[in-house]
Structure formats: C-alpha cells, structure tokens
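Chemist: Based on what follows, work out the 3D shape:
(chains A and B)
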Amino acid sequence: TARDGDRARQRALCVRQLARSSARFSSGNIAVRAAAAPVLSNLRPFSFVASSQRTRWIEQTRITSSVGVFCRQYSDLPPLTLETIQQRVMYVLKLYDKINPEKLATSSHFMKDLGLDSLDQVEIIMAMEDEFGFEIPDGEAEKLMSPQEIVHYIADKNDVYE
Amino acid sequence: MASSAAARTAAGTAKVVKPIFSRDLEEAKRRVRELYRAWYREVPNTVTTFQLDISARQGRDKVREMFERNKHVTDPRVIDMLVIKGKMELQETINVWKQKTHIMRYFHETEVPRSADFLSRFYVGHDP
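Modeler: Next comes the predicted model:
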C-alpha cells in the first residue's frame, strides 16, 4: 500500500542519514553499533510492514538517547581514513621492540634513521599485513622504507583519499 | 674448479654463468625475504604442533640467527642453493616429517661448547 511505501521510504532516509553521520564517528562506537545492528538486521520486509510503527519509535528514541548510531554493518569494519591508518601504523611500530619510540617519526627511514635490518623491515611489513588484513607482495614491500610510505601504500590499496 | 674461480675473480671479468633460479643479487634477496616470511609465519604453528618447550619469540630469534649466519654471501647461486635448502627444511617442518628432536637440534642444547682458549682445551685434553 502507499502508506507502507511511504513509511519504508522515510525509514530508508533515516537510515541513510544515520549511515552518513556514522562515517564521521571514530571506531569507539563499535559496541553500540554492534548492539544496535541485530535489531535492524532481524527485520524482514513483510514483518517490517506490520511492525514499522514500533520500530520507528524505537529508532527515534535511540537517535536521541545515545551518541552511537546504527547503520547496517554487514560485518564490515568502520571506514578507513588517512588519520586512522597513520595512527594504527604508528601504534604497531611503537610496539615493535627494535624501534625506539622517541626516535620514531612519520618520515623516519627504517634503515638510515632507525638502524634496522632488511629482515626487520620484512617483519614490520608482516605486522602491517596482520594489522590491516591484506597481503603485501614482496616486490612492493621492499620499497616501503618509512611509515609515511606505508600509510600511502595502504591508502592506495584501500581507496582511501581526502 | 677453484683455480678457475680464482682466475675469474682475479681477472675481474664478469663471466656469465648459468643461474640456478635468480639472475642477479636483487632477485636472490627477494627469495630470501620470501623464505624468511614463510618461516616467520610458520614458527608459532611449529611450537604448537611439536609441543616444543620454547616460546615463539625464541623460535623466531633462532630463525633470525640462522639467516644472519649467511648474511655475508654475495653469490646469487650460493644464495639460491641456501634458499632451496631452507625451503626443504620448511617443508619438512610444516608437514611434520621431522620430529621434536630434529627441531630442537637447532638449539644445540645438549652439546658442550667448544673451548676457544688454550687453557680450557688443555684441561679438556686436546689433540695437539
């Protein structure tokens, strides 16, 4: 019916706006999102029509009450930005025991500034692979000699741009 | 064989020899890095499979030590042969064709270290 179609459209608009604003939030709200996601994903189209009033009311209270938003995650991670990539890369590098965290900067060369070996650089690239979840082939890995280059490479591979 | 190699290096000419796998040093180093990656990823699985009494960190340090032993090699064919031997060891380790004792042999735990200075060897009773 037309009224149900209207409700569906309004609800879709709500979710789309929430999804857009959720992209700006940091990854700290994952728990809220994860808690909220099952509520949305369990709804089926035919039952949605019947329960749309109730769910819209629940949605609106959720919007006003909590900072977290819900968007359908489909078991995907929050979107990457250049800042988050850089933070994660620097965090992983600070955890590495052969690097002095005080000397570490974004543009510090692994071999010249930090005095690391080529095998150390291989270990660092493997840690980045584990962190970001995709394989970095050795032909391109041997050229990544500073954190800034690593950040650019990962952003390049994941289509992150500003 | 050795004399021809000496003559080759003495003359300084770059004689073209048949490669094993890699044509130049760069490619050989790439193979070494790939092998190191495979070993690095394999060490925790090895420690679990063989129920070794070492930690994964000790295992990885030992892998690094074995690689550092051959750091000085510059001939691509020698590097290729070492990589082949390393791959054979890796295959034996992954497929559990080895046993715990073979893995622990890398650590030389039960061997008495050879003495270096004269007096220690004298006390042990060296052959002159």
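
Chemist: Pull the contacting residues for the closest residue to B:Arg23 other than its chain neighbours.
Modeler: Distances taken as C-beta to C-beta, 6 or more residues apart in numbering or on different chains put B:Pro76 closest to B:Arg23, at 7.2 Å, once the chain neighbours are dropped. All C-beta spots, glycine's among them, are computed from the backbone N, C-alpha and C. Applying C-beta atoms under 8 Å, 6 or more residues apart in numbering or on different chains to B:Pro76 gives the contacts B:19-20, B:22-25, B:27-28.

Chemist: Show the buried residues in the residues you listed.
Modeler: Among these, the ones that count as buried by 16 or more other C-beta atoms under 10 Å in any protein chain shown are B:22, B:28.

Chemist: Would you tell me which one of the contacts of B:Pro76 comes nearest to chain A?
Modeler: B:Glu27 (10.2 Å; C-beta to the nearest C-beta).

Chemist: any idea which helix or strand carries that closest one?
Modeler: Following DSSP states H and E, one finds B:Glu27 within helix B:25-49.

Chemist: residues in contact with that helix?
Modeler: Contacts of helix B:25-49 with the rest of the structure, by C-beta under 8 Å, 6+ apart, involve A:118-119, A:122-123, A:126, A:138-139, A:141-142, B:21-22, B:52, B:54-56, B:59-60, B:63, B:67, B:74, B:76, B:79-80, B:83, B:86-87, B:90, B:93-94, B:96, B:103.

Chemist: ok so, going back, mind pulling up the pLDDT for the residue nearest to B:Arg23?
Modeler: B:Pro76 carries a pLDDT score of 94 in this model.

Chemist: What confidence value was assigned to the residue most central in space within chain B?
Modeler: By C-alpha atoms, centre = their mean, chain B has its centre lying nearest to B:Met66, at 4.6 Å. Looking at B:Met66, its pLDDT is 95.

Chemist: hang on, isn't it packed against B:Tyr106?
Modeler: Yes: applying C-beta atoms under 8 Å as the test, B:Met66 and B:Tyr106 come out as touching, 7.0 Å apart.

Chemist: Helix, strand or coil: sort out B:Val96 for me.
Modeler: At B:Val96 the chain is in coil, as set by DSSP: H, G, I helix; E, B strand; the rest coil.

Chemist: tell me which element A:Asp130 is part of?
Modeler: Counting by DSSP H and E, A:Asp130 is found in helix A:118-132.

Chemist: Need the CA coordinates for that helix. PDB is fine.
Modeler: Extracted C-alpha coordinates of helix A:118-132, given in PDB (Å, rounded to 0.1, in the frame of the first residue of the first chain):
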ATOM      1  CA  SER A 118      66.200  -5.700   5.800                       C
ATOM      2  CA  LEU A 119      64.800  -8.700   7.700                       C
ATOM      3  CA  ASP A 120      63.500  -6.300  10.400                       C
ATOM      4  CA  GLN A 121      61.700  -4.400   7.600                       C
ATOM      5  CA  VAL A 122      60.200  -7.600   6.400                       C
ATOM      6  CA  GLU A 123      58.900  -8.200   9.900                       C
ATOM      7  CA  ILE A 124      57.400  -4.700  10.100                       C
ATOM      8  CA  ILE A 125      55.600  -5.200   6.800                       C
ATOM      9  CA  MET A 126      54.300  -8.600   8.000                       C
ATOM     10  CA  ALA A 127      53.000  -6.800  11.100                       C
ATOM     11  CA  MET A 128      51.200  -4.300   8.900                       C
ATOM     12  CA  GLU A 129      49.700  -7.200   6.900                       C
ATOM     13  CA  ASP A 130      48.300  -8.700  10.100                       C
ATOM     14  CA  GLU A 131      47.000  -5.300  11.200                       C
ATOM     15  CA  PHE A 132      45.200  -4.300   8.000                       C
END
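
Chemist: Does at least one residue of that helix sit close to chain B?
Modeler: Yes: on the criterion C-beta under 8 Å from any C-beta of the partner chain, helix A:118-132 is in touch with chain B at A:118-119, A:122-123, A:126.
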